[in-house]
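**Q** Attaching a predicted model along with its sequence, questions to come.
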Amino acid sequence: MNTATASFPALVLNADYRPLSYFPLSLWSWQDVVKAVFLDRVAIVSEYDRAVRSPSWEIKLPSVIALKSYIPMNRRPAFTRFNVFLRDRFGCQYCGAGYPPEELTFDHIVPRSRGGRTTWQNVVTACIDCNRDKGNRLGGECHMHPLVAPEIPTVRRLQENGRGFRPDFLHESWRDFLYWDSELDP
Ligand SMILES: [Zn+2]
């Protein structure tokens, strides 16, 4: 296989045809997709024009696949740095400005040096300047309070927040699954 096929990722849908995640978008490399197709774990929904072949088989590279087994999405989200940023929509919770992930950090509302724990409720997204300004002070000491009281987000909330971020690359076959996936009003 050559490098030209390296850029043919497939959008991965759950068994209900909704993307597994929006931001980052759920994408698999074509190698993983071909493996899953042969293991009969996914249904091919749409294809690229590009095919890969071996002496005994040929397959068009899938551009959209759907898992055959549904992955429940209502479990609690993992407490990760990325998910904290996603909950807070990549915006500093003190000055309100939005930043790319590499320019964000997280701030302990009650600083660790003063007994604060690293939990969903005590950690918020902050820009580097605000984080430095706040330092080891409590909100009441420096008049810096988070714009939104932090809580444990639902997976659904993270999905909704992620939907607002447009990925860098969108194959046309993905659009239906990304932009028509909103509940219709009765
Ligand atoms: Zn800030």
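**A** The structure has been received and is ready for your questions.

**Q** Point out the residues in the protein that sit beside the ion.
**A** Within the chain, the positions lying close to the ion (C-beta under 5 Å from the ion) are 92, 94-95, 127, 130. For the C-beta atoms, the positions are set from N, CA and C on the backbone; glycine is no exception.

**Q** Those, buried ones only, as a ChimeraX selection?
**A** The ChimeraX selection below is limited to those of the residues of the chain next to the ion classed as buried (16 or more other C-beta atoms under 10 Å):
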select :92,94,127,130
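
**Q** So which of the residues of the chain next to the ion are in helices?
**A** Cys130 (DSSP state H).

**Q** The residues of the chain next to the ion: which two are farthest apart?
**A** Tyr94 and Cys127 (7.6 Å; C-beta to C-beta).

**Q** Let's verify the residue of the chain most remote from its centre: helix, strand, or coil?
**A** Note on the chain: the largest separation between a C-alpha and the mean C-alpha position, by C-alpha atoms, centre = their mean, falls on Pro55 (37.9 Å). At Pro55, secondary structure determined by DSSP: H, G, I helix; E, B strand; the rest coil is coil.

**Q** Tell me which other helices or strands the least confident helix or strand in the chain by mean pLDDT touches.
**A** Ranked by mean pLDDT, DSSP states H and E, the weakest helix or strand in the chain is helix 175-179, scoring a mean of 78. Counting contacts by 3 or more C-beta pairs under 8 Å, 6 or more residues apart in numbering; DSSP states H and E, helix 175-179 is packed against strand 10-13.

**Q** which residues touch the strand it packs on?
**A** With C-beta atoms under 8 Å, 6 or more residues apart in numbering as the contact definition, strand 10-13 has outside contacts at 19-20, 25-28, 30, 33, 42, 45, 61-67, 171, 173-174, 177-178.

**Q** so how far is that strand from its chain's centroid?
**A** Using C-alpha atoms, centre = their mean, to the nearest Å, we find the averaged C-alpha position of strand 10-13 to lie 13 Å away from the chain's own average C-alpha position.

**Q** rewinding a little: separation between the residue farthest from the centre of the chain and the ion?
**A** Applying C-beta to the ion, to the nearest Å, the value for Pro55 to the ion is 58 Å.

**Q** list the contacts for that residue?
**A** Not one residue lies near Pro55 by C-beta under 8 Å, 6+ apart.

**Q** Check the one 3 residues further on too.
**A** For Glu58, the residues meeting the contact criterion (C-beta under 8 Å, 6+ apart) are 51-52.
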